[in-house]
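# Here you go, sequence then predicted model.
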Amino acid sequence: MKLTSHLSDDRRLHVEARLRANLMAWLTTVRPDGRPDSVPVWFLLRDDETILVYSQPGKMKLRNISRNPAVALGLDVTDIGRDIIRIDGTAEHVPGFPAADQVPEYVAKYTERIGAMFGTAPRFAEMFPEALSITPHRLHA
């Protein structure tokens, strides 16, 4: 994986496993006044190394990205402040991207949570129809 190629072999394997397995991350966007805005998101690292996030319509993250596409994504499992993984990148809203229930890898990753919180994948997709694609520029791990 190009994104992690600068890491030692052990660290690279650990970071790649977390990028695939972690269910929650913090997405930080920039408000028009320059203040950061961080929200928890579900995410999928895709084969092309972009990161897919779905959003409800009208959310601040969508407005922020339309003005400033610079984002950071931080993985949520930090226990006592160690093992933090952060990605700096550029996000774009992708209208017309396949709905979440049409992306098998996304549904597989979140089946349990979707079932518990939304009932079905189509219901989740209906509630979170806006796709964001994050292109990573730098990984901090």
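Nice, I can see it.

# Next up, the contacts around the closest residue to P57 other than its chain neighbours.
Nearest non-adjacent residue to P57, counting by C-beta to C-beta, 6 or more residues apart in numbering: E130, 5.7 Å away. Bear in mind the C-beta positions are built from the backbone N, C-alpha and C, glycine included. By C-beta atoms under 8 Å, 6 or more residues apart in numbering, E130 lies in contact with 54-57, 59, 62, 93, 95.

# Backbone torsions only: list them for E130.
When read as degrees, to the nearest 10, the backbone of E130 gives phi -90, psi 120.

# Relative to L23, how far out is it?
Distance, E130 to L23, by C-beta to C-beta, to the nearest Å: 20 Å.

# again with P36
In this view, P36 and L23 are 22 Å apart by C-beta to C-beta.

# So between the two, which is more surrounded?
Neighbours were counted for P36 and for L23 using other C-beta atoms under 10 Å; L23 has more, 14 against 11.

# And the residue nearest the centre of the chain?
In the chain, the residue lying closest to the centroid (C-alpha atoms, centre = their mean) is F43, at 3.4 Å.

# for the chain, which helix is longest?
helix 104-118 (DSSP state H).
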